[in-house]
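Asks: Quick one: sequence and predicted model below, then my questions.
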Amino acid sequence: MEIRIKIGGSVKKVKYDFAVIFDADGVIVDSNPFHKIAMKKFCGKYGIHLTVENMESQIFGRTNKDWITKVFGNHLTLKQIKAYEKEKEALFRQIFLPHIRPVKGLIGFLEKLRQYNIVRTVASSAPPVNVDFFLDKTGTKDFFDVIINGDEVENSKPHPEIYLKTMEIIKYPPEKCIVIEDSLSGVQSARSAGCKVIGLTSTHTAQELANTDKVINDFDDLHLEDLQKLVS
């Protein structure tokens, strides 16, 4: 089956009738171990001790504005939130830079999606500077038709806004959208938007990602036939 879609004024011929939406942190790159290091160092500077459980339940998959107010309190001004965000993310990029690389199998998977003109988007809660950092350093930016970052939504994951907005842009219904996520808040966000969800075990175990349609360890585990079955 072939359909035609229009994105950004260009017409593309598509063999497969679905779109793939990627989270960035933990999906494009295995960044969460380095977020943990940066988060502990950053929060420790301000006398706040974070556990792994705190980070997984309150921080991963959420916008900076959301987690900063959860951790530091709702009394912060927008200017203070922005200052904390800038400081923490600069520290994170500094720590991650020597180690950044695409998740195993990602480049080959993206090449296959592009070969068949399957719509590819990024929907990330990360700030734009981080999303650009991930895509630039992995050489993957040109693979994506649409890129949405955390500054472009009002509501953080697990709210479905970011996926609803992505689907509105690409003009695909939720039953034809496959989201690849690593965080539990991201999985809930995609589920609430009505999408099919693939869980990547960079942040959580397969058991913890049980509320997904398929679990993978990396992109070598994922094939176009698997995606087609999810939307058939």
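Replies: All right, it came through fine.

Asks: Give the residue spans of the chain that score low on pLDDT.
Replies: Along the chain, segments meeting pLDDT under 70 span 1-15, 61.

Asks: switch the cut-off to 90
Replies: Flagging of the chain using pLDDT under 90 yields the residue ranges 1-17, 32, 35-36, 39-40, 48-76, 78, 125, 127, 150-151, 156-157.

Asks: Quick check: Glu175 vs Val187, distance?
Replies: Counting by Cβ to Cβ, to the nearest Å, the gap from Glu175 to Val187 is 17 Å. For glycine as for every other residue, the C-beta is placed from the backbone atoms N, C-alpha and C.

Asks: Can you pick out the residue with more neighbours from those two?
Replies: The neighbour comparison of Glu175 against Val187 (other Cβ atoms under 10 Å) goes to Val187, with 26 against 12.

Asks: shouldn't the more buried one be in contact with Leu200?
Replies: No: Val187 is beyond contact range of Leu200, at 10.1 Å (criterion: Cβ atoms under 8 Å).

Asks: so what's in contact with the two at the same time?
Replies: Residues touching both Val187 and Leu200 comprise Glu181, with contact defined as Cβ atoms under 8 Å, 6 or more residues apart in numbering.

Asks: who touches the longest helix along the chain?
Replies: Ranked by number of residues, the top helix in the chain under DSSP state H is helix 78-96. Identification of contacts with helix 78-96 by Cβ under 8 Å, 6+ apart yields 29, 31, 34-35, 37-39, 41-42, 64-65, 68-69, 72, 76, 127, 129-130, 133.

Asks: Same check on stretch 145-154?
Replies: With contact meaning Cβ under 8 Å, 6+ apart, stretch 145-154 is reached by 7-8, 63-65, 119-128, 130-131, 135, 141, 156, 161-162, 165-166, 169-170.

Asks: residues contacting Asn130?
Replies: Taking Cβ under 8 Å, 6+ apart, one finds Ala24, Asp25, Glu89, Phe92, Arg93, Ser124, Asn149 in contact with Asn130.

Asks: Next: Ala123.
Replies: Counting by Cβ under 8 Å, 6+ apart, Ala123 has contacts Ile21, Phe22, Asp23, Ile148, Ile162, Tyr163, Lys165, Thr166, Val179.

Asks: Give me the phi and psi for Ile216.
Replies: Backbone torsions for Ile216, taken as degrees, to the nearest 10, come to phi -130, psi 150.

Asks: So what pairs up with it in the strands?
Replies: Leu200 (DSSP bridges).

Asks: what about it, neighbour count?
Replies: If we define neighbours as other Cβ under 10 Å, then Ile216 has 20 of them.

Asks: so where does Val20 fall, helix or strand?
Replies: In the assignment (DSSP states H and E), Val20 maps to strand 19-22.

Asks: Which strands or helices does that strand pack on?
Replies: Strand 19-22 is packed against strand 119-123, helix 161-170, strand 177-181, with contacts defined by 3 or more Cβ pairs under 8 Å, 6 or more residues apart in numbering; DSSP states H and E.
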